Structures are given as structure tokens and as C-alpha cells.
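# the following block contains a protein sequence and its predicted model.
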Amino acid sequence: MPDQPIVTLAPDEVARFLLRHRRSETLERYEPRLDRFLREILARANQFVPSDSGAFLLDDPRAKLFGASEDTRLTCIAAFGSSRDKLLGESFGTQQGFIGEVYSRALPKRASGQAAADAGVESLLAVPVHLGTSVCGVLELVNRQGSDFSDKDQSLLEIFAGYISSSVQNTLDAIRSRELARRDHLTGLYNDRYFHYRLREEMRRAVAQSTPVSLLFIDLDEFKSINDRHGHLVGSRTLHEVGLLLSQSVPPGAVTARYGGDEFVVILPQTGVERARDVGDQLRQRVAQAEVVEASPTERVTMSIGIACFADADASSAQSAAERANELIRAADAAMYEAKARGRDNVMVATGAVDRISPKERRATSPREQVAQEKDR
């Protein structure tokens, strides 16, 4: 075991390097703790191959995603030894140096004598870590205690690199499985179950941080006529295309979901009513101008959008986050119907604070509100 503790980046920082092959840029609190596993792996590697120090480095998946191989860098996310604090979080180029050669050639490498001295150490051993068919990082040990690194040491370190590769892959598989469970299969957007969960979370955050949160309730205008004229296959394809447009057009941090049928919802955290109105109008225009009905390229799809905004000043301590979320849905839903009543292809903002609507002023619970209430129980 190493004489000094093994350190890793914070879980949220480690998570940043797991964005490969994913669309979402957040990890939930219950994400598998890869940081703990890395500490265990480095401890085991040092137990079998005693060394003065060691590190695990991962590449930046975003640079690889956009094909910027010359900009790809390796970042140390776990380390032990006297230089652990200095190494942790440091980035290194993948086109130069000992580590860069191991990464770029995807081959293990050892150094001792003058070659190691040039790097300021006595001996070095590094092996690539693979994810699927490509290299994602490097596992390195520095200064073998009692001797230089041997063929046996290299074989052992390659085994530990395989354990790391499996752990990263298992974590990604867990992420993908959870993403599939929260996604709508037709549009690729979040489903209504995840929407209700996120809206309650955003309401809690809005109260805790005294920030606003806005909700857009979107309904396609006369969508039934598309199904009637062109068939349900074209209708489903149209919903898919609209969902894709919405996901590409919402601002960063927005949560876009299919609420059901031809209804969509967009949560805008830390967004006041004026900004939400601008976003709604931009979405309305973007969809209205797009060719989303493949069977009839000149046919346009329009949307009626209702907007409701919650601000901390509207908060009632007697209400739960679920109750506030349901009030926001009711208000945005009512504003959407108002937009339809005013001619469709329109954006309407709910009036009044959603928390302050008295029971007498609330309209009768609709079937979709009953579904939302069931999800809260």
C-alpha cells in the first residue's frame, strides 16, 4: 500500500470525463462512485508493483467528439505519492512526452536510466487504458521500489488498466440504461415521469436559491389533421422532428420533455417571465418555419404555447415542491389553452402568481393533472 493517501478529483469533476457517448451533462447523486473504485485500483496496483508514485489520466471526450485530436489533453484524475497534490487536475498534451507517446501509440512503455532521468525520475511504467476499441487514458507508475520495472510489472499493470476500463464501461452502461428509462422512445426527449421529477427538483432549488423558474407548455395546433390526412406513421415522424427541433433550440440548462400525445414541456431554470416569453416565441417561429411533415414539405406545423413563471416571492411555506409544481403546470396549461382560443400559433403568459391562486379560482382537475398527482404519491 502507498505510504501517502490516494487522492482523486471530486466526484463531480470525475463525472465530467464520463460525458463521452452521452447527451446529458449532469450526473445524478446516485451515480456509481468511480472515484472510490480508482482509489482501490491504484492501491492494488501499488501493492503488487510498489512504486513511489502513480497516476491515472483520462482524455477530454469533448475534444475527441469534435475531432480536435490535436487539442485532446490528458487530465490526472487520481494520484498517489509525494507529487499527488501537484499532479491532481493537471493536464498534459497527448502528442508529446512519455505519457503522450503511450496514449497516441496505444502501447505500454517503460523507461529507466538516461531516458527516465530526462524525465526527472529513476524509472517509469505506463500502459494505455482502452474504452471499447479506442484509448481513453493512461495508467502510470513512477520509480519502482528496489529495482527497475520488469515485464511482469508491465503485465500486472495492464491487468489493472483492464479493471479500470471495465469500471468505466460499466459506469457508462449504467448511465445509458438510466437515460433510456427516462427518455421518450419516439422523440428522444425526456418522458413525463422524469419531467415531473425534475420540475419538483427545480421548484425546490428555486425556493432555496431565491431564483425564478419558468415552464413552457406546448401543444401542436390541429395535429390530428396530419394523422387523418397522412397516416399515423407520418404523424409519428412529425412528432420526432418537432422534438428534435425543440431539443436543438432550447437554451443550455433547459429540460425538454414530451408530456404526452402532441404536447411538450420545457423547464427553464433561473429564468424569469420575459426571457421565457422570448424563448417561447423563438421556439414557435423555429417550428413554424421548418419542414417537419415529410409527406407534405410545404405544410407547416404551428404551436400554441403557454408560459407560467414561479418566483421565490410567490412561495408559500405551506406548499410542498410537488404542490408548487402542479400549480405551475396548471397555470402554463391554462395559458396554452388561452393561446389556442386567440387563434393558435401564439404564445400566452399566465397572469398572477401561481402560488396565490385560490381553490375557488382553480379550474377542475383535468385527466393529465390527475396523472401528475398520481406520480407525486
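Happy to help now that I have it.
# where along the stretch 151-300 of the chain do the helices fall?
Secondary structure of the stretch 151-300 of the chain (DSSP state H, counting those that start in this stretch): helices at 151-181, 192-209, 223-230, 232-249, 273-289.
# dump these into JSON lines; add mean pLDDT and mean neighbour count as well.
All C-beta atoms are positioned from the backbone trio N, CA, C, and that covers glycine. JSON lines is the format used below for the helices of the stretch 151-300 of the chain (pLDDT from 0 to 100; neighbours: other CB atoms under 10 Å):
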{"stretch": "helix 151-181", "mean pLDDT": "85", "mean neighbour count": "16"}
{"stretch": "helix 192-209", "mean pLDDT": "91", "mean neighbour count": "19"}
{"stretch": "helix 223-230", "mean pLDDT": "91", "mean neighbour count": "15"}
{"stretch": "helix 232-249", "mean pLDDT": "93", "mean neighbour count": "17"}
{"stretch": "helix 273-289", "mean pLDDT": "95", "mean neighbour count": "17"}
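# what's the first helix or strand after the strand or helix carrying Ile99?
Assigned by DSSP states H and E, Ile99 belongs to helix 97-105. Remark: after helix 97-105, the chain's next helix or strand is strand 109-112, criterion DSSP H and E.
# pLDDT weak spots in the protein?
Residues of the chain that meet the criterion pLDDT under 70 lie in 1-4, 11-33, 61-71, 312-318, 352-377.
# again, only using 80
Along the chain, the parts satisfying pLDDT under 80 run over 1-5, 7-35, 60-72, 96, 171-180, 295, 312-319, 351-377.
# dump the helices of the stretch 151-300 of the chain to JSON lines, plus distance to Arg330.
Converted to JSON lines, these look like this (distance: least, CB to CB, whole Å):
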{"stretch": "helix 151-181", "distance to Arg330": "27"}
{"stretch": "helix 192-209", "distance to Arg330": "12"}
{"stretch": "helix 223-230", "distance to Arg330": "22"}
{"stretch": "helix 232-249", "distance to Arg330": "22"}
{"stretch": "helix 273-289", "distance to Arg330": "16"}
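# tell me the phi and psi of the nearest residue to Ala288 once chain neighbours are set aside?
Nearest residue to Ala288, sequence neighbours excluded (CB to CB, 6 or more residues apart in numbering): Thr302, at 5.2 Å. The phi and psi values for Thr302, taken as degrees, to the nearest 10, are phi -110, psi 160.
# give me the number of residues near Thr302?
Residues contacting Thr302 under the criterion other CB atoms under 10 Å number 16.
# might one say that it is in contact with Ile218?
No - with contacts counted by CB atoms under 8 Å, Thr302 stays clear of Ile218, the gap being 10.7 Å.
# who touches both of the two?
Shared contacts of Thr302 and Ile218 (CB atoms under 8 Å, 6 or more residues apart in numbering): none.
# just to revisit the earlier point, can I get the helix holding Ile99 in CSV, CA atoms only?
Extracted as CSV, the C-alpha positions of helix 97-105 are listed here (Å, rounded to 0.1, in the frame of the first residue of the first chain):
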residue,chain,number,x,y,z
GLY,A,97,6.3,13.3,-23.9
PHE,A,98,6.3,9.9,-22.3
ILE,A,99,2.6,9.8,-21.4
GLY,A,100,1.6,11.3,-24.8
GLU,A,101,3.5,8.5,-26.6
VAL,A,102,1.8,5.8,-24.6
TYR,A,103,-1.6,7.4,-25.3
SER,A,104,-1.1,8.2,-29.0
ARG,A,105,0.5,4.8,-29.9
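# and Val138, what is it in contact with?
56-57, 74, 99, 102-103, 126-129.
# what strand or helix carries Val138?
Here Val138 is assigned to strand 134-144, by DSSP H and E.
# that strand pairs with which strands?
Note on strand 134-144: by DSSP bridges, its sheet partners are strand 51-59 (antiparallel), strand 123-131 (antiparallel).
# residues contacting Val279?
Taking CB under 8 Å, 6+ apart, we find Val279 in contact with 216, 250-251, 254, 266, 268, 271.
# measure it to Thr271 for me?
Distance of Val279 to Thr271, given as CB to CB, to the nearest Å: 7 Å.
# next: Leu141.
Leu141 is 49 Å from Thr271, by CB to CB.
# Phe56 now?
For Phe56 relative to Thr271 (CB to CB), the value is 39 Å.
# what of Arg300?
Separation of Arg300 from Thr271 (CB to CB): 27 Å.
# more crowded one of the two?
Neighbour count, other CB under 10 Å: between Arg300 and Thr271, Thr271 has more, with 23 against 15.
# ok, the spatially closest residue to the more buried one that is not a sequence neighbour - contacts?
The shortest distance from Thr271 to any non-neighbouring residue, by CB to CB, 6+ apart, is to Ser214 (4.6 Å). Neighbouring residues of Ser214 by CB under 8 Å, 6+ apart: 267-268, 271-273, 275-276, 307-310.
# could you redo the last one with a cut-off of 10 Å?
202, 206, 254, 266-277, 279-280, 307-311, 328, 332, 349 (CB atoms under 10 Å, 6 or more residues apart in numbering).
# and for Asp184?
Going by CB under 10 Å, 6+ apart, Asp184 touches 190-195, 239-240, 243, 257-260, 264.
# out of these, which is nearest to Val7?
Nearest to Val7 out of those is Tyr194 (CB to CB; 34.3 Å).
# does the closest one touch Tyr259 like I think?
No - using CB atoms under 10 Å as the test, Tyr194 is too far from Tyr259 to be in contact (11.3 Å).
# mind checking the SS state of Ala79?
Using DSSP: H, G, I helix; E, B strand; the rest coil, the structure places Ala79 in strand.
# tell me which residues touch it, please.
2, 4, 6-9, 38, 42, 53-57, 85-90, 140.
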